[in-house]
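[1] fold the following, please.
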Amino acid sequence: MKTLEYISAPEAAKKWGISERRVQKLCEENRIPGVAKFSRLWLIPKDAEKPVDKRKREENRK
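    Residues are numbered from 1 along each chain as shown. So this is what the prediction gives:
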């Protein structure tokens with residue numbers, strides 16, 4: 001049986017170069033697979049990839 005390792009929202013924010021609040025919003029919006037909420041703490045799988053930011057426009061879009 002494989003045990004999943006988790007990191008906190010502040011750790012994910014540092015790893016991905018975004019704010020802790022942004023990580024929390026991504027968790028709330030179910031944009032990160034495998035997240036779990038324990039009380040007020042978001043637990044994010046250690047190997048989770050940073051979701052694509054849909055707010056940014058594509059470079060080649062005209």
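[2] and the strand ranked longest in the chain, C-alpha only, in PDB?
    Across the chain, the longest stretch assigned as strand under DSSP state E is strand 41-45. Provided in PDB are the C-alpha atoms of strand 41-45 (Å, rounded to 0.1, in the frame of the first residue of the first chain):
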ATOM      1  CA  LEU A  41      -5.500  23.200   6.600                       C
ATOM      2  CA  TRP A  42      -5.300  22.200   3.000                       C
ATOM      3  CA  LEU A  43      -3.200  19.100   2.300                       C
ATOM      4  CA  ILE A  44      -1.800  18.900  -1.200                       C
ATOM      5  CA  PRO A  45      -0.200  15.800  -2.600                       C
END
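[3] helices and strands of the protein: which one has the lowest mean pLDDT?
    strand 36-38 (a mean of 94; mean pLDDT, DSSP states H and E).
[4] helices or strands up against the longest strand of the chain?
    Contacts defined by 3 or more C-beta pairs under 8 Å, 6 or more residues apart in numbering; DSSP states H and E place strand 41-45 against strand 6-8, helix 9-16, helix 20-28, strand 36-38. All C-beta atoms are positioned from the backbone trio N, CA, C, and that covers glycine.
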